[in-house]
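Undergrad: sequence and predicted structure below; questions after.
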Amino acid sequence: AQSVAQPEDQVNVAEGNPLTVKCTYSVSGNPYLFWYVQYPNRGLQFLLKYITGDNLVKGSYGFEAEFNKSQTSFHLKKPSALVSDSALYFCAVRDMNNNAGNMLTFGGGTRLMVKP
Amino acid sequence: KAGVTQTPRYLIKTRGQQVTLSCSPISGHRSVSWYQQTPGQGLQFLFEYFSETQRNKGNFPGRFSGRQFSNSRSEMNVSTLELGDSALYLCASQSDTGELFFGEGSRLTVL
């Protein structure tokens, strides 16, 4: 079985400061990892993904994420937060070695609040 | 390219009724997945369709069903609605490079 944990329900950061949203995962095979963002009353927007290769993945809107196999983590980062980054962020995993099609398992979400 | 389109965006039903939600994937995408989002349970996988065949199913009762048509459009149906079925139902289609692209969702309220 695959699972994702986002240990922080909410992250508060001042505008212009760096931000980190944490994610750890568990899969039996190789992970396929994603970050999505959700604004109020909207669907999920794709930010970035990791399949293989470079452990630092760059995505949309200046976000990046670092894959750490030994710690089974995939933390989302941004060097300088904007007020407009305030939203709900979801980490998700798919087991590439599992015959589960395209099913994603999502974490519980982390609300990011960026204050001016 | 148009995104994933879900209809209706909002609907209100009463207990015992049934509901059908529709999803049109991005042109060229053949895989469509459905997820339920609630404050208490978060995002949960319902089912996935590929080329009109259900490829995977989540842990939901048989009241939840779906289908996919030859043009890749998909519908999901919930019968005998319960209060706990109130949720945002999200549809996603998959690109060739593996990302899921989500629609805006259908918000169902069961009274």
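TA: Looks like it arrived, so ask away. Numbers count the residues shown, from 1 in each chain, chains lettered A, B, ... in the order given.
Undergrad: contacts and neighbour counts: CA atoms only from here.
TA: Will do.
Undergrad: residues in contact with residue A:112?
TA: Neighbour list for residue A:112: A:10, A:11, A:12, A:13, A:85, A:86, A:87, A:88, A:89 [criterion: Cα atoms under 8 Å, 6 or more residues apart in numbering or on different chains].
Undergrad: do residue A:19 as well
TA: Applying Cα under 8 Å, 6+ apart, the residues near residue A:19 are A:13, A:77, A:78, A:79, A:80, A:81.
Undergrad: just the buried subset of those residues, please.
TA: Among the contacts of residue A:19, the ones that count as buried by 16 or more other Cα atoms under 10 Å in any protein chain shown are A:13, A:77, A:78, A:81.
Undergrad: quick check, nearest of those residues to chain B?
TA: Closest approach to chain B among the buried ones among the contacts of residue A:19 (Cα to the nearest Cα): residue A:77, at 19.6 Å.
Undergrad: quick check: residue B:50 vs chain A, distance?
TA: Distance of residue B:50 to chain A, given as Cα to the nearest Cα, to the nearest Å: 9 Å.
Undergrad: if you rank the contacts of residue A:112 by neighbours, which is first?
TA: Within the contacts of residue A:112, residue A:89 tops the neighbour count with 25 neighbours, counted by other Cα atoms under 10 Å in any protein chain shown.
Undergrad: show the backbone phi and psi for the residue sitting furthest away from the middle of chain B.
TA: Relative to the centre of chain B, and counting by Cα atoms, centre = their mean, the farthest-placed residue is residue B:97 at 21.4 Å. The phi/psi pair for residue B:97 (degrees, to the nearest 10) reads phi -100, psi 10.
Undergrad: what does chain B have sitting close to chain A?
TA: Residues of chain B found near chain A (Cα under 8 Å from any Cα of the partner chain) are B:33, B:42-45, B:47-48, B:55-56, B:90, B:94, B:99-105.
Undergrad: go again using 6 Å as the cut-off
TA: Residues of chain B lying near chain A by Cα under 6 Å from any Cα of the partner chain: B:42, B:102, B:103, B:104, B:105.
Undergrad: of those residues, select the buried ones using a PyMOL command.
TA: Selecting only the buried entries of those in PyMOL, with 16+ other Cα under 10 Å as the criterion:
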select buried, chain B and resi 102+103+104+105
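Undergrad: between the residues of chain B next to chain A, which sits nearest chain A?
TA: For these, the nearest to chain A is residue B:104 (4.0 Å; Cα to the nearest Cα).
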